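Novice: Here's a sequence, model it:
(2 chains)
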2 protein chains.
Amino acid sequence: MRNMSMDVSAERVTLAEIADEAGVSLSTISKVLNGRSDVSPGTRSRVEALLQRSGYVRRGAGRSETHADLIELVFHELDAIWSMELIGGVESVAKEHGLSVVLTVSGSRHAPGPDWIDGVIRRRPVGVVLVFSELAPEYREQLRTRSIPFVIIDPAGDPSPEVPSVGSANWSGGLAATRHLIELGHRRIAAITGPDDMMCSLARIDGYRSAMNSAGLPIDPAWIRFGDFHVTGGRDHASGLLALPAGERPTAIFAGSDLQALGVMDAARAAGLSVPDELSIVGYDDVPISRWMNPPLTTVHQPLRRMGEEAVRLALRLAAEPHDHPAPTPRMDLATHLVVRASTAAPVG
Amino acid sequence: MRNMSMDVSAERVTLAEIADEAGVSLSTISKVLNGRSDVSPGTRSRVEALLQRSGYVRRGAGRSETHADLIELVFHELDAIWSMELIGGVESVAKEHGLSVVLTVSGSRHAPGPDWIDGVIRRRPVGVVLVFSELAPEYREQLRTRSIPFVIIDPAGDPSPEVPSVGSANWSGGLAATRHLIELGHRRIAAITGPDDMMCSLARIDGYRSAMNSAGLPIDPAWIRFGDFHVTGGRDHASGLLALPAGERPTAIFAGSDLQALGVMDAARAAGLSVPDELSIVGYDDVPISRWMNPPLTTVHQPLRRMGEEAVRLALRLAAEPHDHPAPTPRMDLATHLVVRASTAAPVG
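Specialist: Okay, the predicted model is just below:
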């Protein structure tokens, strides 16, 4: 925890200069810094701009007696199962450090709304953890000037290099899943993954491609499907794949999530195919429910809970770092591994 | 939103008296009121006791520019699926009202710990929503003196009469599930429910009993099992039930949750029984995953999401009520209804 009084004088000077330049009072500046709403939008954006240009960084943000000890957790949506693992991880490490978790559902994968950033600045959390969300550059600046670090879990798309992030080894996961199917003797293997603007989707598909290529197996373009991570998406893509003519129809499907795999199982039932004898299925995530599917799902374990834990630890580490000596942007990818259950077997015939 | 200045004088008087009686300064009193930690435990509990005895109620708690607009949500544990529905409901109504949700996992069904109450008092949320948790009397007092209302969702055990709560029609749910099985022609029907210290478990079992009784069907005591709401519990109880001698073995099982039902399906597979032909299964909750089970689960729809929504609305209503005219403690039970899918059928033979 930083000693606040220590920096006060230095802080005053900077702020006084900014107040002069903006032609407003010091108290107006501090209102803006504290996200108070009783400042006109015009003044506010002028002050924000000056704060940013001046490279001002508020000292002593984070843990302090006068502010709630909070960490912000932002989802773009709450997934039925997936999210709970992450929330559990974030919550447990937050509790270890006496922090409470503020949960926000942004409703959009591309940055939460303006109300959100105002609330965050008012609440002055120790840090911000975003799941599958980008953060608009102006929001990053507003957090930077308040010394509020943020960390992104499993970035959607390719995050700008200066964004601290926690991910998992998606490429290796796709490789392991596909290799497993190849070793079982499958040659026609299809892959359903997430949106093609998500880095994790691309990485998993590339892992699949590498496994197929290094085994000298051809890939029919019709076998690669980009969709969402949900049950219905998995079911619809699988129905399409299973409707392919006999010689092209895949004998195994690698799904981008366990929920998608659940949809694939549903499509197999609808097509009258038994799993795993007539269709092998590999999922992704290893959410709690996967071992209770029928048949129990072979899937790639993604350490969702640990990703939540590490994201909070990283945010806390960044909050403790001196602002004038920024370390190289930390990135970590946690290992994935294949969990073999009963939804995969050698192809018949 | 209450006008704060209006009440300041009245407040001062009361606090001054309390300060005199406690032999401490006014600032110490306000430190205690604001949950500051720089007050000795002894002084603190002395002041708390005086605050309570004096019937002091802080004015103007809740929404105010100087405090983060928060609502507290407390789970005793995060269930893989169940919790997400509630969180979604709480989050959506909170957002409607510009409130952020602080999520806490207490780890115990019997009240969160002392760190929690200190944090809540420091954060001064608009209200508190507890899921499946009791709240210790001293905590209730501390919230009351700060005008922070709390609402309990689906109380575990029998909540004291003065606790505002949102539940669902558990008895009717148990009745509807059992009637459905009876109408299909089942006579040997077992029921697995939650812990016997949870009101909802008892209510569902009573609904089951009433349906059996009014149909003139005998209940073998071995058919009623109290457990937890998890997959493994459902599986283990079901294994026991399916191991009963032919004449006593149930042809249908009413499970206390969809996760339990998943465990029952697993036990049926292990026993080589096909669902629904050889064993009918009804679940409870209608969580998203239930329609994707194999076979899709017949279950009692519990409006989890709406329960979360109503709990927040109720907390906000209580926060807006004048403290001197407390309304009769609000209770509401939202309706449940049966969703018939493919896990139930007439018994064979």
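Novice: what about A:Arg192, which helix or strand?
Specialist: If you look again at residue A:192, you'll see it is Ile, not Arg. Per DSSP states H and E: A:Ile192 is located in strand A:189-193.
Novice: cool, A:Ser239 as well?
Specialist: According to DSSP H and E, A:Ser239 maps onto helix A:231-242.
Novice: What is the subsequent helix or strand relative to that helix?
Specialist: Counting by DSSP H and E, the next helix or strand C-terminal to helix A:231-242 is strand A:252-255.
Novice: And chain B, is that following strand touching that?
Specialist: No: shown here: strand A:252-255 not in contact with chain B (CB under 8 Å from any CB of the partner chain), separated by at least 13.1 Å. Bear in mind the C-beta positions are built from the backbone N, C-alpha and C, glycine included.
Novice: Stretch A:222-229 too?
Specialist: No: Stretch A:222-229 does not reach chain B (CB under 8 Å from any CB); its nearest approach is 13.4 Å.
Novice: tell me how far the ends of that stretch are from each other?
Specialist: With CA to CA, to the nearest Å as the measure, stretch A:222-229 spans 19 Å from end to end.
Novice: Quick check: buried residues in it?
Specialist: The neighbour-count check on stretch A:222-229 (16 or more other CB atoms under 10 Å in any protein chain shown) flags A:Trp223, A:Ile224, A:Arg225, A:Phe226, A:Gly227, A:Asp228, A:Phe229 as buried.
Novice: try stretch A:92-102
Specialist: Those would be A:Ser92, A:Val93, A:Ala94, A:Lys95, A:Leu99, A:Ser100, A:Val101, A:Val102, for stretch A:92-102 by 16+ other CB under 10 Å.
Novice: Closest to A:Ser168 out of those residues?
Specialist: Using CB to CB, A:Val93 comes nearest to A:Ser168 of these, at 16.9 Å.
Novice: Go ahead and confirm that closest one touches A:Met307.
Specialist: No: taking contacts as CB atoms under 8 Å, A:Val93 lies outside contact range of A:Met307: 11.1 Å.
Novice: that older thread, among the buried residues of stretch A:222-229, name the ones in strands.
Specialist: Among the buried residues of stretch A:222-229, the ones falling in strands (DSSP state E) are A:Ile224, A:Arg225, A:Phe226.
Novice: pLDDT for those - can I get that in CSV?
Specialist: Compiled in CSV, these are given as follows (pLDDT from 0 to 100):
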residue, pLDDT
A:Ile224, 97
A:Arg225, 96
A:Phe226, 94
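Novice: residues in contact with A:Leu184?
Specialist: By CB atoms under 8 Å, 6 or more residues apart in numbering or on different chains, the contact set of A:Leu184 is A:Ala252, A:Ser280, A:Thr344, A:Ala345, A:Ala346, A:Pro347.
Novice: repeat that with 6 Å
Specialist: When contacts are counted by CB atoms under 6 Å, 6 or more residues apart in numbering or on different chains, A:Leu184 touches A:Ala346.
Novice: shaky segments in chain A?
Specialist: For chain A, applying pLDDT under 70 flags the ranges A:1-13, A:59-68, A:80-81, A:109-111, A:155-161, A:322-327, A:349.
Novice: so where do the helices sit in it?
Specialist: Residue ranges of the helices in chain A, as given by DSSP state H, are A:4-22, A:26-33, A:41-53, A:82-96, A:114-123, A:137-145, A:170-183, A:199-214, A:231-242, A:258-270, A:304-320.
Novice: Would you mind listing the buried residues in the shortest one?
Specialist: If you call a residue buried by 16+ other CB under 10 Å, then helix A:26-33 has these buried ones: A:Thr28, A:Ile29, A:Lys31, A:Val32, A:Leu33.
Novice: Just put these in a markdown table and tack on distance to B:Leu73.
Specialist: Shown next, in a markdown table, are these (distance: CB to CB, whole Å):
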| residue | distance to B:Leu73 |
| --- | --- |
| A:Thr28 | 35 |
| A:Ile29 | 35 |
| A:Lys31 | 30 |
| A:Val32 | 30 |
| A:Leu33 | 29 |
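Novice: Same list, those residues, but only the ones touching chain B.
Specialist: By CB under 6 Å from any CB of the partner chain, no member of the buried residues of helix A:26-33 lies near chain B.
Novice: do you know how far the closest residue in space to A:Gly119 that isn't next to it in sequence is from B:Leu70?
Specialist: In space, A:Gly119 comes closest to B:Ser100 once its chain neighbours are excluded; the distance is 5.6 Å by CB to CB, 6 or more residues apart in numbering or on different chains. B:Ser100 sits 5 Å away from B:Leu70, going by CB to CB, to the nearest Å.
Novice: try A:Thr298
Specialist: 43 Å.
Novice: what does A:Arg36 give?
Specialist: For A:Arg36 relative to B:Leu70 (CB to CB), the value is 17 Å.
Novice: List just the nearest of the ones in strands among the buried residues of stretch A:222-229 to chain B.
Specialist: Using CB to the nearest CB, A:Arg225 comes nearest to chain B of those, at 19.0 Å.
Novice: Run through the bridge partners of the closest one.
Specialist: For A:Arg225, the beta-bridge partners are A:Ile192 (DSSP bridges).
Novice: circling back to that earlier point, okay, the helices of chain A, which one's buried deepest?
Specialist: helix A:258-270 (a mean of 24; mean count of other CB atoms under 10 Å in any protein chain shown).
Novice: Check which helices and strands that helix sits against.
Specialist: Helix A:258-270 sits against helix A:231-242, strand A:252-255, strand A:280-285, with contacts defined as 3 or more CB pairs under 6 Å, 6 or more residues apart in numbering or on different chains; DSSP states H and E.
Novice: Confirm for me that A:Leu99 is in contact with A:Asp69.
Specialist: Yes: A:Leu99 lies in contact with A:Asp69 (CB atoms under 6 Å); the separation is 5.0 Å.
Novice: returning to what we had before: from the buried residues of stretch A:222-229, pick the one nearest A:Gln302.
Specialist: Once CB to CB is applied, the member of the buried residues of stretch A:222-229 that ends up nearest A:Gln302 is A:Phe229, at 11.5 Å.
Novice: excluding its backbone neighbours, what's nearest that closest one?
Specialist: Closest to A:Phe229 by CB to CB, 6+ apart is A:Ser257, at 4.1 Å.
Novice: same deal with A:Gly194?
Specialist: Using CB to CB, 6+ apart and skipping the chain neighbours, the partner closest in space to A:Gly194 is A:Ser201 (3.9 Å).
Novice: Next: A:Val264.
Specialist: What sits nearest to A:Val264 in space, not counting adjacent residues and going by CB to CB, 6+ apart, is A:Ala238, at 4.1 Å.
Novice: that older thread, could you check the angle helix A:258-270 makes with the strand holding A:Ile192?
Specialist: Here strand A:189-193 points in a direction 130 degrees away from that of helix A:258-270 (axes from the mean of the first three to the mean of the last three CA atoms, to 10 degrees).
Novice: So what's the gap between strand A:189-193 and the chain middle?
Specialist: Remark: strand A:189-193 is offset 22 Å from the chain centroid, using CA atoms, centre = their mean, to the nearest Å.
Novice: Just the angle for it relative to helix A:170-183, thanks.
Specialist: Computed by the same axes, to 10 degrees, the angle separating strand A:189-193 from helix A:170-183 equals 150 degrees.
Novice: In PDB, list the C-alpha atoms belonging to strand A:189-193.
Specialist: Coordinates of each C-alpha in strand A:189-193 appear next as PDB, following Å, rounded to 0.1, in the frame of the first residue of the first chain:
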ATOM      1  CA  ILE A 189     -12.200 -34.900 -38.800                       C
ATOM      2  CA  ALA A 190     -14.200 -31.700 -38.700                       C
ATOM      3  CA  ALA A 191     -13.800 -28.700 -36.400                       C
ATOM      4  CA  ILE A 192     -16.400 -26.300 -35.100                       C
ATOM      5  CA  THR A 193     -15.000 -23.300 -33.400                       C
END
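Novice: what's it packed up against?
Specialist: Contact partners of strand A:189-193 among helices and strands, from 3+ CB pairs under 6 Å, 6+ apart: helix A:199-214, strand A:224-226, helix A:231-242, strand A:252-255.
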